[in-house]
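A.B. asks: Below are the sequence and a predicted model for it; my questions follow.
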Amino acid sequence: MSRTAVIRIKYLIGASADPKGKEGLVHFVEHCLLKAQIKERNLISLCERAGAFVNAKTSMKYIEIEIKIINSNLLEFLNHLSDFYREIMEVRDLENEYILGEKNKMEKQINEQTKTKQ
C-alpha cells in the first residue's frame, strides 16, 4: 500500500481557448488558482501547511493541478481544501496589484518561450 495519495483537479479549458490577442490568458488563470489569496492563504500555502506538494500545468486542452500528500494527512487536508474552494466561489474580485503582478510574470514567460522557439 502506498504511503501517499495524489489528488488531480482538472479544469477542461486549455490554452487553445485563449482569445486571439490574449494568448496566455488560461495560463494566467492557472496562476490565479494557485496563488490568489483567500483570507490570507492560497492553494500553495494550504498544501505546504499539510506537508503536501502541489504542481500545476496548462496544456492546450486543460489546466491540471496535482497535489501529492501523505495518506495520514489526507482526510484533514480534503476538509481544508473543500472549505478553501467554497470560499473561492464567494470571491468576486482579485486585487489589481495581484492581477498586474501576474500579468507581468505571464508576459515575461511568453516572451521567453517566444525567444526559445526562434
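C.D. replies: Done, it's in. None of these values were measured; they are calculated from a predicted model. Numbering: from 1, shown residues only.

A.B. asks: Show me what the least confident helix or strand in the chain by mean pLDDT is in contact with.
C.D. replies: When the helices and strands of the chain are scored by mean pLDDT, DSSP states H and E, helix 96-117 comes last with a mean of 75. Identification of contacts with helix 96-117 by Cβ atoms under 8 Å, 6 or more residues apart in numbering yields 23-24, 27-28, 31-32, 35-37. Every C-beta, even on glycine, is put in place using the N, C-alpha and C of the backbone.

A.B. asks: What of stretch 62-69?
C.D. replies: For stretch 62-69, using Cβ under 8 Å, 6+ apart, the contacting residues are 4-14, 26, 29-30, 33-34, 43, 47, 50-57, 77, 81.

A.B. asks: How about it, which residues are buried there?
C.D. replies: Using 16 or more other Cβ atoms under 10 Å as the test for burial, stretch 62-69 gives 62-65, 67, 69.

A.B. asks: Distance to G101 added to those, as CSV?
C.D. replies: Output for those, formatted as CSV (distance: Cβ to Cβ, whole Å):
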residue, distance to G101
Y62, 25
I63, 19
E64, 23
I65, 20
I67, 24
I69, 28
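
A.B. asks: and the host helix or strand of K10, which residues are buried?
C.D. replies: With secondary structure defined by DSSP states H and E, K10 is part of strand 4-11. Within strand 4-11, the residues scored as buried using 16+ other Cβ under 10 Å are 5, 7.

A.B. asks: which helices and strands sit right next to the helix or strand just after that strand?
C.D. replies: Per DSSP H and E, strand 4-11 leads on to helix 25-35 as the next helix or strand towards the C-terminus. In terms of contacts (3 or more Cβ pairs under 8 Å, 6 or more residues apart in numbering; DSSP states H and E), helix 25-35 is packed against helix 43-49, strand 53-58, strand 63-70, helix 96-117.

A.B. asks: Out of the ones you listed, which is closest to R86?
C.D. replies: helix 43-49 (12.8 Å; Cβ to Cβ).

A.B. asks: what sits up against the closest one?
C.D. replies: Contacts for helix 43-49 (Cβ under 8 Å, 6+ apart): 33-35, 53-54, 65, 67, 69, 77, 80-81, 84.

A.B. asks: quick revisit: nearest to E90, out of the helices and strands packed on helix 25-35?
C.D. replies: It is, among the helices and strands packed on helix 25-35 and with distance given as Cβ to Cβ, helix 43-49, at 15.7 Å.
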